[in-house]
Structures are given as C-alpha cells and as structure tokens.
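> Pasted the sequence and its predicted model underneath.
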Amino acid sequence: MSYIRRDAFTMIELVFVIVVLGILAAIAVPKFAATRTDAQISKARADISAIRSAIMTERQSRLIKGDSAWIPQLSDNNGTLFTGSDVNHTLLLYGVSSGTTDGHWSRTGVNAYIYKVGSKNCRFAYDGAGKFTLNAADAGTICDNLVN
C-alpha cells in the first residue's frame with residue numbers, strides 16, 4: 001500500500017491565507033492612522049507643557065536677578081525653536097527642530113508659531129507677558145486636543 005506524500009500547500013489553502021491577511025490588514029490600517037495622530041497630539045501637549053514651564057522658569061530666574069520683565073520672544077531663529085530670545089535668555093536647552101509636516105512646529109512671526117497635526121495648522125502665539133496660547137480661531141477643531 002502506498003500513499004502520496006504531500007510537501008506543499010494547495011492553491012486553495014494559499015488563497016484562504018491571503019484572504020484572512022487582507023481582512024486583518026483592512027481592520028488594522030485605520031487603527032494605525034488614528035494612533036499616529038494620537039501620538040502627534042501627545043507630543044504637542046508635552047511640548048506645550050515644556051514651553052509654558054520654561055517661560056515661568058525664565059521669569060523666576062529674571063526675578064531673582066532683579067529684572068521683572070518677561071522674556072521678549074521664545075525663539076531667535078526659524079531653524080531651532082523655543083531656545084529663547086538671545087544667549088542671555090535661554091528657554092529650552094535643546095529647542096525643537098522646525099518642520100512643515102504633520103507633528104512639527106514652525107515659526108511664522110516673532111512670537112507666532114504653528115503646530116501641524118492631522119493636516120491642520122494649529123496657530124499659537126506668545127504675548128510677551130508669559131502666555132503661550134492657542135489662537136481662538138482654531139478652537140473647536142483638532143487643535144483643542146493640544147491644550148485641553
């Protein structure tokens with residue numbers, strides 16, 4: 001009595017595996033896109049918290065030295081942001097690299113910044129008196145998630 005030994009998969013088995021992988025991919029890919037946006041929001045929230053804390057730390061340093069003025073601007077160039085207004089006024093020690101894609105900050109003016117998340121530009125401004133805030137026109141959008 002002899003039998004045939006089978007060492008390969010049949011075409012039907014391969015098709016079933018491909019179909020199952022396709023179904024899993026269709027479910028997983030949208031979840032990864034949402035996870036990316038959530039990560040960008042978390043990064044921005046951490047950056048905003050660090051910036052606001054650094055503003056207050058710089059203010060306290062100035063008060064100890066007898067200077068009651070707030071730091072005049074948060075950045076002195078467009079490449080590395082939030083490093084302070086000059087060498088005597090440090091904000092973030094290492095700063096934040098500027099970019100124009102999702103998940104990056106960019107500078108649009110002396111005290112105006114944009115954080116891009118989910119293809120939406122969230123505009124922030126520093127008022128020169130200690131407040132780093134989201135532009136009111138961006139309220140009610142994904143930008144609210146950055147400050148709430």
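Ah, there it is.

> By residue count, tell me the biggest helix in the protein.
helix 11-64 (DSSP state H).

> elements contacting that helix?
Using 3 or more Cβ pairs under 8 Å, 6 or more residues apart in numbering; DSSP states H and E, the elements in contact with helix 11-64 are strand 112-117, strand 120-126, strand 132-134, helix 144-147. All C-beta atoms are positioned from the backbone trio N, CA, C, and that covers glycine.

> Between strand 120-126 and that helix, find me the angle.
10 degrees (axes from the mean of the first three to the mean of the last three Cα atoms, to 10 degrees).

> In its sheet, which strands sit next to the helix or strand following helix 11-64, and in what direction?
Going down the chain from helix 11-64, the next helix or strand is strand 80-81, by DSSP states H and E. Take DSSP bridges as the rule and strand 80-81 pairs in its sheet with strand 96-97 (antiparallel).

> and for the partner strand, what are the contacting residues?
Here strand 96-97 makes contact (Cβ atoms under 8 Å, 6 or more residues apart in numbering) with 47, 79-82, 104-105.

> ditto for stretch 101-117
With Cβ under 8 Å, 6+ apart, stretch 101-117 has contacts from 37, 39-41, 43-44, 47, 73-75, 78, 81-82, 96-100, 118-119, 121-128, 142-143, 145-146.

> cool, stretch 128-137 as well?
For stretch 128-137, contacts defined as Cβ under 8 Å, 6+ apart pick out 48, 51-52, 55-56, 59, 70, 72-74, 111, 122-127, 143-144, 146-147.

> Now which of those residues would you call buried?
The neighbour-count criterion (16 or more other Cβ atoms under 10 Å) marks 48, 51-52, 55, 59, 70, 73-74, 111, 122-126, 143, 146-147 among these as buried.

> What ranges in the protein fall below the confidence cut-off?
1, 6, 87-88 (pLDDT under 70).

> cutoff 80 now
Where the chain drops to pLDDT under 80, the residues are 1-7, 30-34, 85-90, 148.

> that older thread, show me which pair in the contacts of strand 96-97 is furthest apart.
Using Cβ to Cβ, the contacts of strand 96-97 reach their maximum pairwise distance at 47 and 79, which is 16.2 Å.

> correct me, but residue 147 touches residue 48?
Yes. Residue 147 lies in contact with residue 48 (Cβ atoms under 8 Å); the separation is 6.6 Å.
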